[in-house]
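1. pasting a predicted model and its sequence here:
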Amino acid sequence: MSNIYLGYHFSVEPKELGSEILIAELGEKAFESFIETETGFSAFVQKSLWTEDILEDIYILDNPEFKISYTFEEIEQVNWNEEWEKNFEAIDVDGNCHVRAPFHPKTNAEFDIVIEPKMSFGTGHHETTHMMIQHLLEIDVTGMKTLDMGCGTAILAILAEMKGAQPIDAIDIDNWCYLNSIENAERNNCKHITVYEGDAALLKDKKYDLIIANINRNILLNDMQAYVDCLNPKGTILFSGFYTEDIPFIDASCTEKGLTFVKKLERNNWVSLKYVN
């Protein structure tokens with residue numbers, strides 16, 4: 001296996017949504033590892049698999065709604081642990097939940113979640129995941145049938161199981177997230193999480209006591225009815241993945257479908273909302 005890689009360093013605006021789409025597209029190519037940066041992310045491909053036209057069919061690069069620029073360089077002997085130690089910081093949520101990579105020391109947090117660091121999106125550093133963890137820490141989820149929709153690295157599903165929720169379905173449309181969620185569930189000795197690759201179409205005839213949906217605004221609004229349809233009476237649903245200015249749109253959709261607002265969390269203009277059925 002070649003140890004020579006090409007590193008592409010992307011600057012993306014708007015960062016979160018643009019990076020999510022671009023990574024999904026790059027994942028269809030030969031790129032095999034992604035590391036979040038301050039302005040976007042870096043993507044790595046083995047030189048032996050690289051071709052000059054590797055970015056030719058990446059549609060988001062031609063989308064006027066996103067401003068994307070990049071540089072690239074040849075890198076020899078990539079030490080992934082070293083790269084991750086430079087870019088991945090363990091996260092502590094209220095002293096109760098610690099999300100870390102295997103190379104980070106264990107703390108005394110009640111809930112210790114270990115994520116294999118292949119890609120930093122969804123690892124808890126992002127404000128939305130942090131707030132969703134806060135919500136989960138406040139809820140007694142014992143015995144709750146739970147859905148983690150758009151599970152990413154399955155952090156939230158893992159925490160839900162650690163707190164007693166079961167059974168748990170974790171769903172993501174991205175193949176890398178699907179595979180990584182399976183790995184992370186196993187790494188944290190989870191026995192009640194089933195991971196699926198797909199979208200809201202998988203929710204037909206399903207029922208849940210707790211739904212966790214950390215996805216962008218447009219997908220939440222598009223799939224809201226599907227979430228409400230599979231939420232049991234007196235069930236709880238947690239949303240995040242959108243900004244303060246998006247609240248009226250999310251709230252209007254929830255209210256129209258019979259959900260009752262309970263609580264709002266906010267971090268750096270990102271928001272997480274809690275509703276009950």
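-> That came in fine, so what should we check first?
2. lowest-confidence helix or strand of this structure?
-> The helix or strand of the chain with the poorest confidence is helix 80-87; it has a mean of 62 (mean pLDDT, DSSP states H and E).
3. how far off centre is the helix or strand just after that one?
-> Once the chain leaves helix 80-87, the next helix or strand it forms, by DSSP states H and E, is strand 91-93. Relative to its chain's centre, strand 91-93 lies at 16 Å (Cα atoms, centre = their mean, to the nearest Å).
4. now strand 91-93: average pLDDT?
-> Mean per-residue pLDDT for strand 91-93: 87.
5. can you give me phi and psi for the residue in the chain sticking out farthest from the centre?
-> Distance from the C-alpha centroid of the chain, by Cα atoms, centre = their mean, peaks at Glu52 (30.7 Å). Backbone torsions of Glu52, given as degrees, to the nearest 10, read phi -60, psi -30.
6. Ile247 looks like it's in a helix, true?
-> Yes. Assigned with DSSP: H, G, I helix; E, B strand; the rest coil, Ile247 falls within a helix.
7. mind listing what it touches?
-> Each residue near Ile247 by Cβ atoms under 8 Å, 6 or more residues apart in numbering is listed here: Lys264, Val271, Leu273. Where you see a C-beta, it was placed from the backbone N, CA and C, and this is true even at glycine.
8. please redo it, this time with the cut-off set to 7 Å
-> Neighbour list for Ile247: Val271 [criterion: Cβ atoms under 7 Å, 6 or more residues apart in numbering].
9. ok, which stretches of the stretch 1-150 of the chain are strands?
-> Using DSSP state E, counting those that start in this stretch, the strands of the stretch 1-150 of the chain run over residues 4-13, 33-36, 40-46, 67-76, 91-93, 97-100, 111-114, 146-149.
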